[in-house]
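Student: A structural model of the following input is requested.
(chains A and B)
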Amino acid sequence: MTQQLSDRRLDTLAAEYVLGTLDADTRVKLQRLMITSDRARQAVWRWERDLNALGASLNDVQPGPDLWQRIEARLGLASETTADSFEQKHRRPSRLGSGRGWNPFQSWVWPAIAAALVLVMVSWNTWQVPQPAPTQVAVIQDASARALWSVSLTEQNLVVTSTREVTPSTDRDYQLWLVAADGRAPVSLGLLPETGQRQLARSALFDTATVDVLAVSREPEGGSPTGQPTEVLYSAQLVRQ
Amino acid sequence: MTESDALRLLMRTAEGDAQAFRQLYEHTSGKLFAVSLGMMKRRDLAEDAVQDAFVRIWHNAGEYRAEKGVVLTWMISIVRYRCLDLLRSAKSRREHLTDGDLDLADEPEDHATPEGALHAGRDRVRIDECLDELEDQQRHAIQLAYFRGLTHQEVCGQLDLPLGSVKSWIRRGLQQLKRCLE
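Tutor: Down below sits the predicted model:
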């Protein structure tokens, strides 16, 4: 499939893609084309808008009452929508200290040393906001081992801090992905900040799957148009503190 | 819910606001479930698809663009793609079964008059006026593919028509729809 596709042919392919009747090969080719061709993206979006008006015309059918709880649990949001959760969360004993009695050396010295190393590595300068203690950290580096982002996984979220080595760009975005060891397709964790710090939602996969690496891809502005990484640039391992 | 309310909730969802996400769910889950149920047929499978769609919406709320339609059609698009994926993987699993299993695995069509069932329980929208201009079989083929997620092959079975005609009918029907919608 090339850029020479006529408008009419591209439009018919886009329509069948949205309808769902395109064969697997053509579907994949069109998905690839959408990454690079604005014309292809616009054609698909137009059909999504037009055809899905049919779905929007259906009368509502209510799903089971527990579906929201399942979504909440999967995203780890339950704590954020329940009023008394903050207290419960902070009463939970720390993982490092549990079952072994209180040992000040075990409970804070190693995390402190690890955190100090990370601070030095990424010349962290935005630690003004009180943050929950990270449970795992990763530093994303380029080929010359310059640190670009630090990623801290906490019980509540993912805190990503960019360093001055990141060159801000107006026409593309960097996207963070979770690559699980079980071979499933990479799962988007959100767009990376190009300056300063950003908090991303903590994917429930951190609790249910074994994380192989975190990966960073370069994407058109707004993030991956296909739901999968377009061009993987870097990867980094999460290190437990 | 007005479009500006939906946009406001989606923007807050993109910022990680779980309360806004919950309100968005309350306003839209009935519609997404109706779309999903039409395709998956079973409530449990339809709920799984809606669950996956909302997980995706939470992570990708910031990727919404007005060019993709209003917030609701964008969300419907996500749940439909998820249903199509689930149907495709169920069908490819089915292809690995023996011939004997195949009959058992095939979902029976549960409506004697599919077109009647497709029209029941929904409002007419602008695209319906354009669909009305198509030949009956052409319109029916597109509706079966849209509301049920049927493949060309399955539409053939439903309408008792040769594969080649179904393919070209759907294609020509979509081209005619586009002219009408423009």
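Student: CA atoms for contacts and neighbours, from now on please.
Tutor: OK.
Student: quick check, residue A:34 in contact with residue A:43.
Tutor: No - the criterion here is Cα atoms under 8 Å, and residue A:34 misses it with residue A:43 at 9.3 Å.
Student: in chain A, which spans are helices?
Tutor: According to DSSP state H, chain A carries its helices in the segments A:7-19, A:24-36, A:38-56, A:67-75, A:85-91, A:104, A:110-122, A:205-208.
Student: what does stretch B:69-85 contact?
Tutor: By Cα atoms under 8 Å, 6 or more residues apart in numbering or on different chains, the list of residues contacting stretch B:69-85 from outside reads A:18, A:20, A:45-46, A:48-50, A:52-53, A:55-56, B:3, B:6-7, B:10, B:28, B:31-32, B:35-36, B:39-40, B:46, B:49-50, B:52-53, B:56-57, B:64, B:68, B:149.
Student: can I get the buried part of the residues you listed as one ChimeraX selection?
Tutor: With 16 or more other Cα atoms under 10 Å in any protein chain shown as the criterion, this ChimeraX line picks the buried residues out of the contacts of stretch B:69-85:
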select /A:18,20,45,46,48,49,50,52,53,55,56 /B:6,7,10,28,31,32,35,36,39,40,46,49,50,52,53,56,57,64,68,149
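Student: so where's chain A shaky on pLDDT?
Tutor: Chain A contains residues with pLDDT under 70 at A:1-4, A:79-132, A:241.
Student: what about 50?
Tutor: Under the criterion pLDDT under 50, the flagged ranges of chain A are A:2-3, A:83-108, A:119-130.
Student: the nearest residue to residue A:78 once chain neighbours are set aside and residue B:55: what is the separation?
Tutor: For residue A:78, ignoring the flanking residues on the chain, the nearest one in space by Cα to Cα, 6 or more residues apart in numbering or on different chains is residue A:72 at 5.3 Å. Residue A:72 sits at a distance of 9 Å from residue B:55 (criterion: Cα to Cα, to the nearest Å).
Student: give me the more crowded residue out of the two.
Tutor: residue A:72 (22 against 18; other Cα atoms under 10 Å in any protein chain shown).
Student: is that one in contact with residue A:202, as I believe?
Tutor: No - the pair formed by residue A:72 and residue A:202 falls short of the contact definition of Cα under 8 Å, at 11.9 Å.
Student: residue nearest the centroid of chain B?
Tutor: Ranked by distance to the mean C-alpha position of chain B (Cα atoms, centre = their mean), the top residue is residue B:80 at 4.1 Å.
Student: picking that back up, what touches both of residue A:72 and residue B:55?
Tutor: Taking Cα under 8 Å, 6+ apart as the contact criterion, residue A:72 and residue B:55 have no common neighbours.
Student: not counting sequence-adjacent ones, nearest residue to residue A:235?
Tutor: Of all residues not flanking residue A:235 in the chain, residue A:215 sits nearest, at 4.1 Å (Cα to Cα, 6+ apart).
Student: list the contacts for that neighbour?
Tutor: Going by Cα under 8 Å, 6+ apart, the list of residues near residue A:215 reads A:176-179, A:232-236.
Student: mind checking which of those are buried?
Tutor: A:176-179, A:234-236.
Student: any idea how far chain B is from the residue nearest to residue A:235?
Tutor: Remark: distance between residue A:215 and chain B (Cα to the nearest Cα, to the nearest Å) = 16 Å.
Student: that older thread, confirm the residue nearest to the centre of chain B sits in a helix?
Tutor: Yes - counting by DSSP: H, G, I helix; E, B strand; the rest coil, one finds residue B:80 located in a helix.
Student: per-residue confidence at it?
Tutor: Reported pLDDT at residue B:80 in the predicted model: 97.
Student: likewise residue B:102?
Tutor: With respect to pLDDT, residue B:102 has a value of 38.
Student: then residue B:154?
Tutor: Note on residue B:154: pLDDT of 92.
Student: element containing it?
Tutor: helix B:152-159 (DSSP states H and E).
Student: what of residue B:85?
Tutor: Using DSSP H and E, residue B:85 falls within helix B:71-95.
Student: and that helix, how far from the chain's centre?
Tutor: A distance of 7 Å separates the C-alpha centroid of helix B:71-95 from that of its chain, computed with Cα atoms, centre = their mean, to the nearest Å.
Student: sorry, back to before: the helix holding residue B:154: how far from the chain's middle?
Tutor: Per Cα atoms, centre = their mean, the displacement of helix B:152-159 from the mean C-alpha position of its chain is 17 Å.
Student: tell me which residues of the following helix or strand past that helix are tucked away?
Tutor: Under the assignment DSSP H and E, the closest C-terminal helix or strand after helix B:152-159 is helix B:163-181. The neighbour-count criterion (16+ other Cα under 10 Å) identifies B:166-167, B:169-171, B:173-175, B:177-178 as the buried residues of helix B:163-181.
Student: can you list contacts of the host helix or strand of residue B:25?
Tutor: Secondary-structure element containing residue B:25, defined by DSSP H and E: helix B:18-40. Contacts to helix B:18-40, defined as Cα under 8 Å, 6+ apart, come from residues A:55-56, A:58-63, A:68, A:77, A:80-81, B:1, B:6, B:9-10, B:12-13, B:43, B:46-47, B:49-50, B:54, B:58, B:72, B:75-76, B:79-80, B:83, B:87, B:147-149.
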